[in-house]
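>>> here is a sequence together with a model predicted from it:
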Amino acid sequence: MNNLKFKLLIVVSCLLLVVSAADAANSIDLSVAGVGARPMGMGRAFTALSDDVNAVFSNPAGLGTQKAWGFTSMTTKLMDRVEYRMLGGTYPTDFGTFGVGYLSASTPAGYLTTDKASLSGAQAINYSSSMLILSYGRDLNEAIKNSGSIGKLSVGANFKAISNQFEGTDGSGTGSSADVGLIYKPNATVSTGLTFQNVGGTINWKSGTKEDMPLTTKLGGAVNLSKVALAADIENSSSSTLVHGGVEYRPFDGIALRAGIDQSALSRSESTFSYSGGVGVKMSGFSFDYAYRQDGTLASNSTHYFSISFQPEAVKTAVVQNEQSDDAITLSTTDGVYRLSRKSADKSILSYYQ
């Protein structure tokens, strides 16, 4: 056919991680391909945990309890040809914590030609997709001046601007969506999280085609002890219900070992499990994280993830009243119990690290 415009040699393979044939008419959230090496090492079960800068991508409500600025980055190569990048940062204020995130993926996508027999002289086509995320989280206990006696509740939201480009041909699309999340911590070790991702998400292509981004709901739970954290998520969309689970073991200060199981949809009725693992090293606020995800469907899509992050330790200060002269003071907070010895002043200042 002389009017043949495209002879595609590959599919946009960054979407092969989770896209199903049943949802081919929908657009896919770019963040499904990776949300940081730490969450990836835990099977992407991070909705209720979200206790670092990765919260920008997993659950913005997690920003509400973070009192120190920070940044994170990640790089990987999917299918040995899709360059995937992630950058994120957070900054706390008296009115909540603000965050920004950026995701990008690019890959060769075929050739522009009218010759079915030969690609000689054909123009190469490259596909790229990017997403800019503006994020906000707030600890409601601080907003309403609640002591936290019934636990902590944080809420958050994302606005996401999306751009898709086919370089080498006249094809582009732009769109937007929103995320809403919350995290509730009844005590210092247990947390639950809920997110609604891609609320009102659409992509409008230059050709006039409009694609929807399916609403995805994630419900998660986590237990975070002194040396181990356990997390699990249930993910639901119009096409599937999936589970994710992960564990993080911290045998020594600054060292973390991770493992996870990650379910992905193949179609409306089929899914597959992939397994992941990773390690993290943290020194003076810097974190170096690595994860490996074994793809249960495509062996060539088994992927290495690398993240570099920084978040200084947040110092908390509390004023305690000594009512028994020279005795040691015990201070109970929602984060733990701490002791301070004092000898003279009626009041003492106790600083401790989060």
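In hand now; what should we look at?

>>> which parts of the stretch 1-150 of the chain are helices?
37-41, 55-58, 140-143 (DSSP state H, counting those that start in this stretch).

>>> between those, which one is closest to residue 281.
Of all the helices of the stretch 1-150 of the chain, helix 37-41 sits nearest to residue 281, with 11.4 Å by CB to CB. (Each C-beta comes from the backbone N, C-alpha and C, glycine too.)

>>> what's the closest one packed up against?
Under the contact criterion of 3 or more CB pairs under 8 Å, 6 or more residues apart in numbering; DSSP states H and E, helix 37-41 touches strand 241-252, strand 255-265, strand 271-283, strand 286-294, strand 303-310.

>>> ok, now with 6 Å
strand 271-283, strand 286-294, strand 303-310 (3 or more CB pairs under 6 Å, 6 or more residues apart in numbering; DSSP states H and E).

>>> let's have those strands in CSV, adding mean neighbour count.
Converted to CSV, these look like this (neighbours: other CB atoms under 10 Å):
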stretch, mean neighbour count
strand 271-283, 18
strand 286-294, 20
strand 303-310, 20
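
>>> will you turn the ones you listed into a markdown table that also has distance to residue 166?
Formatted as a markdown table, these follow (distance: least, CB to CB, whole Å):
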| stretch | distance to residue 166 |
| --- | --- |
| strand 271-283 | 29 |
| strand 286-294 | 27 |
| strand 303-310 | 24 |
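
>>> of the ones you listed, which is nearest residue 53?
strand 303-310 (6.0 Å).

>>> list the strands paired with that closest one, with their directions.
Using DSSP bridges, the strands paired with strand 303-310 are strand 70-78 (antiparallel), strand 286-294 (antiparallel).

>>> weakest of these in terms of mean pLDDT?
Comparing mean pLDDT across those, the weakest is strand 70-78, with a mean of 91.

>>> residues in contact with that one?
The set of residues external to strand 70-78 that reach it, using CB atoms under 6 Å, 6 or more residues apart in numbering, is 14, 34, 36-37, 53, 84-90, 303, 305-311.

>>> phi, psi for residue 269 please.
As for residue 269, its main-chain torsions (degrees, to the nearest 10) stand at phi -120, psi 0.

>>> any idea how far it is from residue 241?
Look at residue 269 and residue 241: by CB to CB, to the nearest Å, they are 12 Å apart.

>>> so what's residue 102 up against?
Contacts of residue 102 by CB under 6 Å, 6+ apart are 87, 132.

>>> neighbours around residue 38, how many?
Residue 38 has 29 neighbouring residues, counting by other CB atoms under 10 Å.
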